[in-house]
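In: my questions are about this predicted structure, shown below with the sequence.
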Amino acid sequence: MQLATPPRGSGYWMATTKTDPKLAALADEKKSKTYEGLTRQQLIEAYRIMYTSRRVDDREILLKRQQKIFFQISGAGHEAIGVAAGFCLKPGYDWFYPYYRDRALVLMLGGTPYDMLLQAVGAADDPSSGGRQMPSHWAYPRLNIVTQSSPTGTQILQAVGCAQAGVYLSNHPNAKHKAEGDYRHFKDVSWQADEVTYVSLGDGTTSEGEFWEAINTASNRKLPIVFVVEDNEYAISVPVEVQTAGGNISRLVSGFPNFHFEEVDGTDPVVSYAAMKRAVDYCRSGNGPGFVHAHVIRPYSHSLSDDERLYRPDVERQRDAARDPITRMQMFLIREGLLDEKGINQLEKKVEDEMQVAVDRALEAAFPTPDTITRYIYSPNLDPTSKQFETEPVFPRVSEAAASDAKKPVLPKTMAELINATLRDEMKRDERIVVYGEDVADVSREDYLKKKLVKGKGGVFKLTAGLQMAFGSDRVFNSPIAEAQIVGTATGMATRGLKPVVEIQFFDYIWPAMLQLRDELPVIRWRSNNAFSSPLVIRVAIGGYLTGGALYHSQCGESIFTHIPGLRVVFPSNALDAAGLLRTAIRCDDPVLFLEHKRLYRETYGRSHYPGPDYMIPFGKAKIIQPGTDLTVITYGAVVPRALQAAQKLEREQGVKVELIDLRTLNPFDWETIANSVAKTNRALVAYEDSLSWGYGAEIAARIADQMFGQLDAPVRRVAAMDSYVAYQPVLEDAILPQPSDLYRGMKELAEY
Ligand SMILES: Cc1ncc(C[n+]2csc(CCOP(=O)(O)OP(=O)(O)O)c2C)c(N)n1
Ligand SMILES: [Mg+2]
């Protein structure tokens with residue numbers, strides 16, 4: 001068996017046996033004895049790690065009371081299952097999504113008390129986050145321990161994506177190929193054919209929907225991932241029977257196919273090891289996922305902010321204390337003659353001494369300085385606003401014969417067609433790209449395709465049509481209807497270096513993914529101090545003007561996402577921009593929300609010939625749709641053609657020359673173009689499809705008012721939707737959404753002000 005860390009416990013054994021002849025005889029007898037395969041050195045090492053883990057908790061609690069650290073959450077009671085997992089898994093080889101009670105596991109894998117204390121004091125050199133994330137939120141790139149957040153359960157879907165990436169890379173070794181000048185330049189991919197992904201969570205966290213989405217996908221895809229539920233019977237003050245129907249998660253999950261299940265006393269390292277080993281071996285052999293339900297205890301309240309005596313009587317707490325893994329392990333070592341009391345004392349003293357050194361050093365560590373705060377919100381390596389992403393379109397040469405053949409004119413393409421063509425060319429170029437979402441495949445039942453029984457769907461708007469046929473079912477596939485699953489697994493894949501380009505079918509249904517979109521995807525780089533990142537693309541069909549789209553097929557809401565640091569937000573208004581910006585989104589090193597207006601997919605406005613396989617538009621560069629001198633209109637998306645119509649009418653009827661700016665990307669946005677224009681026209685109107693109050697235009701209007709006050713001849717105005725939902729009845733829809741007539745009126749009034 002391969003050990004995660006070399007055993008270092010044998011010294012204590014030697015020290016004690018030398019002085020006690022009886023123990024020495026017993027030692028000889030026991031020399032070759034193993035416990036479920038664990039040798040005495042490993043068991044002594046297990047105790048050393050368990051004891052160290054507990055003592056780090058104790059020291060942190062002391063430091064918190066002295067106000068030298070600011071938060072404490074313990075791994076107390078969870079140590080045995082942690083060391084058991086550590087014996088079965090390999091750091092830097094397998095992948096880890098542990099949760100905050102996994103201190104013992106992290107020590108087994110190679111984390112140190114000093115590292116942990118650096119995080120507790122919020123030191124600049126904290127290897128997990130550089131002082132950005134709370135203690136016990138582990139991240140170690142060299143050990144494949146992926147950065148952790150605090151929402152319960154968001155790690156689970158990412159772990160599934162990580163496992164999926166390992167399988168994908170094994171089947172696509174050419175994806176390792178790197179390319180100068182795109183995100184791959186900064187992202188090594190590595191995988192092992194028999195790697196396993198570890199993910200852990202508490203009993204309460206199994207109540208989160210994302211847990212079930214994760215189990216479902218792991219089961220369906222037979223992924224090599226082991227789920228470890230550390231069941232201490234409480235989620236803060238809420239007991240397990242309130243969280244889990246029937247009070248036992250093992251019973252509930254037992255129907256999922258392809259799993260290997262274990263339920264075990266997680267306070268006993270030997271039986272925990274045996275259970276973990278069976279589960280990990282099962283995963284490693286490619287049979288499917290493992291599920292280990294470990295019954296543990298929580299002796300130190302939920303965190304230092306909680307006092308469990310308020311909701312747990314002494315009798316219950318004493319019952320738990322009788323199972324404390326540290327005392328049980330001590331007694332086990334003594335009972336089995338593996339270590340005597342003196343040996344235990346020596347081991348513990350050594351741990352204490354080392355800890356004191358670690359505490360002293362950590363308390364002297366330098367803090368991060370405020371000038372570093374905005375570092376790593378975005379990729380420090382690849383700037384999507386740079387010239388590198390500015391290329392000329394290369395349109396197909398139309399042969400003279402074709403051009404002169406009136407029956408077969410070469411027509412410009414729709415936005416839908418150009419997005420499809422761009423995806424196709426990018427997938428051809430880069431084997432790291434995978435495309436998935438609801439209905440995006442041509443046909444999930446491949447047989448129907450092969451036998452040519454059906455044509456295939458390729459997306460409800462047909463944006464991904466033909467991609468599965470061209471690139472295969474492991475690169476283009478349908479997801480379950482589970483938006484958090486789509487974004488969460490994609491985040492895990494991107495962490496491994498793949499480039500998922502996933503689809504959310506309707507913006508109106510993006511909300512189940514919101515925790516992943518707000519607390520995970522855009523945050524990963526910053527919170528890990530650039531140790532991890534997840535650059536990927538989420539394509540979303542957005543917007544109204546559909547005549548009958550109603551409340552749940554018409555939503556905008558882009559400002560909710562532009563409010564998130566770390567997330568790029570793109571919103572093209574025409575086919576050519578969509579092609580150029582989508583390619584930049586795919587090749588850049590940041591996560592991108594790519595908003596595609598449904599009404600523009602097949603609009604006559606803004607069609608274009610395909611600009612070639614390398615056409616890119618940098619982010620943060622607006623386009624002046626129409627130059628003008630009297631008034632600046634700043635807009636984007638489906639309001640662009642409507643504003644253009646209004647502006648042309650205004651010029652025709654009133655001679656007012658409107659400068660119309662299409663922002664194209666909302667984060668970053670092109671302040672320079674706005675400011676230059678407003679400096680010239682001295683009047684600004686911001687127009688957007690979303691409801692007026694708190695919308696995206698509010699920020700633009702505020703900036704203009706703030707920074708250009710002296711140059712304005714009129715107040716900054718906004719034209720937007722009513723502060724209402726979009727109704728089904730077209731008469732109402734027209735009244736709710738901003739129409740060319742509303743834009744016309746807004747422009748005219750501002751010009752006359
Ligand atoms: C999504 C979310 N909701 C609420 C919380 C607050 N919270 C932190 S830990 C916790 C309880 C978790 O219980 P369990 O999963 O059993 O893990 P344990 O702490 O018992 O090991 C809660 C409610 C959170 N972090 N994330
Ligand atoms: Mg719990």
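Out: Noted; the coordinates are in hand. Ligands and ions are numbered 1, 2, ... in the order given.
In: would you list every one of the strands in the stretch 551-700 of the chain?
Out: 568-570, 592-597, 623-626, 631-635, 658-662, 665-667, 684-691 (DSSP state E, counting those that start in this stretch).
In: go through these and pick out the most buried.
Out: For those, the largest average neighbour count (mean count of other Cβ atoms under 10 Å) is found in strand 631-635, namely a mean of 29. For glycine as for every other residue, the C-beta is placed from the backbone atoms N, C-alpha and C.
In: thinking again about what came up before, make TSV from the strands of the stretch 551-700 of the chain and add mean pLDDT to it.
Out: Below are the strands of the stretch 551-700 of the chain laid out as TSV (pLDDT from 0 to 100):
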stretch	mean pLDDT
strand 568-570	98
strand 592-597	98
strand 623-626	98
strand 631-635	98
strand 658-662	98
strand 665-667	98
strand 684-691	98
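In: make CSV from those strands and add distance to ligand 2 to it.
Out: Output for these, formatted as CSV (distance: least, Cβ to the ion, whole Å):
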stretch, distance to ligand 2
strand 568-570, 37
strand 592-597, 34
strand 623-626, 53
strand 631-635, 50
strand 658-662, 51
strand 665-667, 38
strand 684-691, 41
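In: turn these into CSV, columns for distance to Leu201.
Out: Formatted as CSV, the strands of the stretch 551-700 of the chain follow (distance: least, Cβ to Cβ, whole Å):
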stretch, distance to Leu201
strand 568-570, 30
strand 592-597, 27
strand 623-626, 47
strand 631-635, 45
strand 658-662, 45
strand 665-667, 32
strand 684-691, 36
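In: for the ones you listed, could you give me CSV that also reports distance to ligand 1?
Out: CSV is the format used below for the strands of the stretch 551-700 of the chain (distance: least, Cβ to the nearest ligand atom, whole Å):
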stretch, distance to ligand 1
strand 568-570, 24
strand 592-597, 22
strand 623-626, 41
strand 631-635, 37
strand 658-662, 38
strand 665-667, 25
strand 684-691, 27
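In: which one of these lies closest to Asp102?
Out: In terms of Cβ to Cβ, the element of these nearest to Asp102 is strand 592-597, at 31.8 Å.
In: strands paired with that closest one, and their directions?
Out: Strand pairing for strand 592-597, using DSSP bridges, gives strand 537-542 (parallel), strand 568-570 (parallel).
In: Throw these into a markdown table and include distance to Arg527, thanks.
Out: Listed next are the strands paired with strand 592-597 as a markdown table, based on distance: least, Cβ to Cβ, whole Å:
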| stretch | distance to Arg527 |
| --- | --- |
| strand 537-542 | 20 |
| strand 568-570 | 18 |
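In: which one of these lies nearest to Gly488?
Out: Short answer: strand 537-542, nearest of those by Cβ to Cβ, at 11.6 Å.
In: angle of the closest one against strand 684-691?
Out: Following axes from the mean of the first three to the mean of the last three Cα atoms, to 10 degrees, one obtains 80 degrees for the angle between strand 537-542 and strand 684-691.
In: indicate the residue of the stretch 451-600 of the chain located nearest to ligand 2.
Out: In the stretch 451-600 of the chain, the residue that lies nearest ligand 2 is Leu515 (19.2 Å; Cβ to the ion).
In: give me the neighbour count for that residue.
Out: Using other Cβ atoms under 10 Å, Leu515 is surrounded by 22 other residues.
In: that one: what secondary structure?
Out: Judged by DSSP: H, G, I helix; E, B strand; the rest coil, the three-state class of Leu515 is helix.
In: these two touch, right, it and Thr491?
Out: No: counting by Cβ atoms under 8 Å, Leu515 stays clear of Thr491, with 11.2 Å between them.
In: enumerate every residue touching Arg317.
Out: Contacts for Arg317 (Cβ atoms under 8 Å, 6 or more residues apart in numbering) come out as Pro299, Glu308, Arg309.
In: rerun that using 10 Å as the cut-off
Out: Ile297, Arg298, Pro299, Ser301, Glu308, Arg309 (Cβ atoms under 10 Å, 6 or more residues apart in numbering).
In: which stretches in the stretch 351-500 of the chain count as helices?
Out: Under the criterion DSSP state H, counting those that start in this stretch, the stretch 351-500 of the chain carries helices at the ranges 400-404, 415-429, 446-450, 467-471, 483-495.
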